[in-house]
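All I have is the shape, not the residue letters:
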């Protein structure tokens, strides 16, 4: 993509000279003799960067800066100034200018500054686009996902939520099973009724029984009064039994009775209580193996397993990482008062390549740490945990000295495409370019041997680029 740079200076020789220099660097340029002419161009054309003199007739660079900051805040402005007005230029930076250069302009310094300003603008625009996608999806739940695996989960939730069917959610720790349960309740006809959560692994056998079914006064030492249990409290609503694979068989029998008869007694009580409750359960264990080992009742398993929703680990749905990272950056930047707006290409590649054994929960902690440690507006590899960066460095492309830039680019694209198993959407994400640009580069460099190298092309590329349905976006899974 060719960037468009607007040069504003009332001295014809300066604006034409700067225009030619930047065109030699590969930019398209617009030229304006004063601030009013510049505003006309910005209103009519696509402008990525403005280079403006401070002192101009009709409309000064200072006033032009103020209007651009107010109306087009994502367009960076570089101010040109003489040595006698450096204090004014510094004030302009306080007013929102990206940087300033003194005349006569050092072209090498200008080239570097323009490149930095445009790179920063691209990162900001990418981050804002991601946030817009997230904002569109903030309606019912905190689930984020655009992968085909998450799309399937969204479809199942939509179908199952309005019913009374019991749901068993399976998957590794940290994948976001509790948020799936939240979505099932929020989209059900019971959403106005209680939604009670019990983390079974956190309670001993006696405490868990009392928590689930309640107890009568004097039922055991310390039972000084009657207590209503979680099943009783969730009447007409839903109950979420997290890590249900951890409960013992005596409690399993009582839960089975609730499922079959919708009845139970409090611990130490004789009164039979009736309850109407939908049971949603979750586990990171393989319950069929637990059944074979004699630790889990088969009849309870089939009662809980009317519908199974399996949440795959993050390493199997890496398309979801960019959206999750964008959501976490926004959350933790606001929480910590940090001006972090995005993540650079190297850090993005490191996070994409890492295996995330702790799944979304680990990713969330990683981004929180990176935001806190970030010294600027963009997260770099220096802000990431060493384990994430080390994993990325083990998968590198070596470029020999003496090769041309085109040869280096070709090698990087070829290796990244191979690493992504031919998936062009993933390749473009890692490289920080659009898919159209990637397709053009592949054709330009005649990279046609993906399948010959043992890589399957992603014919479903356009589908991969989609994002989760509107009602399932807006916040992170696996919190």
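Cool, the structure landed. None of the values given here were measured: they were computed from a predicted structure.

domain assignment for the protein?
4-135, 166-305, 318-464 (automatic domain parsing).

got JSON lines for those domains, with distance to residue 144 and mean pLDDT too?
Where you see a C-beta, it was placed from the backbone N, CA and C, and this is true even at glycine. Shown next, in JSON lines, are these (distance: least, Cβ to Cβ, whole Å; pLDDT from 0 to 100):
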{"stretch": "domain 4-135", "distance to residue 144": "7", "mean pLDDT": "83"}
{"stretch": "domain 166-305", "distance to residue 144": "9", "mean pLDDT": "94"}
{"stretch": "domain 318-464", "distance to residue 144": "5", "mean pLDDT": "80"}
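
now the ones you listed in JSON lines, with distance to residue 152 and mean neighbour count?
Output for these, formatted as JSON lines (distance: least, Cβ to Cβ, whole Å; neighbours: other Cβ atoms under 10 Å):
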{"stretch": "domain 4-135", "distance to residue 152": "19", "mean neighbour count": "17"}
{"stretch": "domain 166-305", "distance to residue 152": "12", "mean neighbour count": "18"}
{"stretch": "domain 318-464", "distance to residue 152": "12", "mean neighbour count": "17"}
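
Then residue 80 would be within a strand, right?
Yes - counting by DSSP: H, G, I helix; E, B strand; the rest coil, residue 80 falls inside a strand.

any idea which helix or strand comes after the longest helix seen in the chain?
Counting residues, the longest helix found in the chain (DSSP state H) is helix 107-136. Moving toward the C-terminus from helix 107-136, the next helix or strand (DSSP states H and E) is helix 148-160.

Can you tell me which helices and strands that following helix packs against?
On a contact count with 3 or more Cβ pairs under 8 Å, 6 or more residues apart in numbering; DSSP states H and E, helix 148-160 meets helix 177-186, strand 307-310.

Please identify which of those is closest to residue 67.
helix 177-186 (44.2 Å; Cβ to Cβ).

quick one: that closest one to chain centroid distance?
19 Å (Cα atoms, centre = their mean, to the nearest Å).

could you point out which element follows that helix?
Next along from helix 177-186, by DSSP H and E: strand 195-199.

which other residues reach that next one?
Applying Cβ atoms under 8 Å, 6 or more residues apart in numbering, the contact partners of strand 195-199 are 178, 181-182, 185, 208, 211-212, 230, 233-234, 237-243.

For the chain, just list every one of the strands.
4-8, 28-32, 49-53, 77-81, 99-102, 167-170, 195-199, 238-242, 263-265, 272-274, 278-283, 307-310, 342-343, 378-379 (DSSP state E).

strand partners of the last one, parallel vs antiparallel please.
The reference is to strand 378-379. Sheet pairing here is set by DSSP bridges, and for strand 378-379 it gives strand 342-343 (parallel).

what sits up against the strand it pairs with?
Applying Cβ under 8 Å, 6+ apart, the contact partners of strand 342-343 are 123-124, 126-127, 325, 329, 351, 370, 377-379.

Could you rerun that using 10 Å?
Contacts to strand 342-343, defined as Cβ atoms under 10 Å, 6 or more residues apart in numbering, come from residues 120, 122-128, 130-131, 322, 325-326, 329, 348-351, 367, 370-371, 374, 377-381, 383-384, 432.

hang on, the earlier thing: and the angle from the longest helix of the chain to strand 49-53?
With axes from the mean of the first three to the mean of the last three Cα atoms, to 10 degrees applied, the angle from helix 107-136 to strand 49-53 works out at 130 degrees.

All set, thanks.
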